[in-house]
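**Q** Sequence plus the predicted model coming up.
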Amino acid sequence: MRSWRFKEERSPFLSHAVSGSVSVVSIVMYSILIMLNLVTAARILHAAMLFNVLHSPMSFLDTILQEGL
């Protein structure tokens, strides 16, 4: 006699939910990584700019006064 029990199959929605969750996590991690790299780049850029301005402050002030006139 054959058994008419149904096989328990995985829901196709489960695989979509898992792939969607993986996508969201990867996008968030990528965004955080890019943000940290941008902050590091801005820190380096501003440090170099401040070093240049403080290295020769008189020439910096001279250009401001000349442009204002």
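**A** All right, it came through fine. Numbering: from 1, shown residues only.
**Q** what comes up buried for stretch 48-55?
**A** By 16 or more other CB atoms under 10 Å, stretch 48-55 has no buried positions at all. The way it works is simple: take the backbone N, C-alpha and C, and place the C-beta from them, glycine included.
**Q** Export it to CSV, keeping only CA atoms.
**A** Provided in CSV are the C-alpha atoms of stretch 48-55 (Å, rounded to 0.1, in the frame of the first residue of the first chain):
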residue,chain,number,x,y,z
ALA,A,48,48.0,68.4,4.9
MET,A,49,46.1,71.6,4.2
LEU,A,50,46.6,72.7,7.8
PHE,A,51,50.3,71.9,7.7
ASN,A,52,50.7,73.9,4.5
VAL,A,53,48.8,76.9,6.0
LEU,A,54,50.6,76.8,9.3
HIS,A,55,53.9,76.2,7.6
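**Q** quick check: mean pLDDT across that stretch?
**A** Mean pLDDT, computed over stretch 48-55, is 78.
**Q** Can you tell me the number of residues neighbouring residue 19?
**A** 10 (other CB atoms under 10 Å).
**Q** Phi first, then psi, for it.
**A** phi -70, psi -40 (degrees, to the nearest 10).
**Q** Give me the pLDDT for it.
**A** Confidence score, pLDDT, at residue 19: 86.
**Q** and what of residue 59?
**A** 65.
**Q** Residue 40 now?
**A** 96.
**Q** can you check the one 5 residues further on too?
**A** Turning to residue 45, the model gives it a pLDDT of 92.
**Q** Assign a three-state SS to it, would you?
**A** Three-state assignment for residue 45 (DSSP: H, G, I helix; E, B strand; the rest coil): helix.
**Q** separation between it and residue 38?
**A** From residue 45 over to residue 38 the distance is 10 Å, taken as CB to CB, to the nearest Å.
**Q** Equivalent analysis for residue 15, please.
**A** Counting by CB to CB, the gap from residue 15 to residue 38 is 35 Å.
**Q** Convert stretch 35-47 to CSV, retaining C-alpha atoms only.
**A** The C-alpha coordinates for stretch 35-47 follow below in CSV (Å, rounded to 0.1, in the frame of the first residue of the first chain):
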residue,chain,number,x,y,z
MET,A,35,32.3,55.9,5.0
LEU,A,36,35.3,55.0,7.1
ASN,A,37,37.6,55.3,4.1
LEU,A,38,36.1,58.7,3.2
VAL,A,39,36.6,59.9,6.8
THR,A,40,40.2,58.8,6.7
ALA,A,41,40.8,60.5,3.4
ALA,A,42,39.3,63.7,4.7
ARG,A,43,41.5,63.6,7.8
ILE,A,44,44.6,63.2,5.7
LEU,A,45,43.6,66.0,3.3
HIS,A,46,42.8,68.4,6.1
ALA,A,47,45.9,67.6,8.0
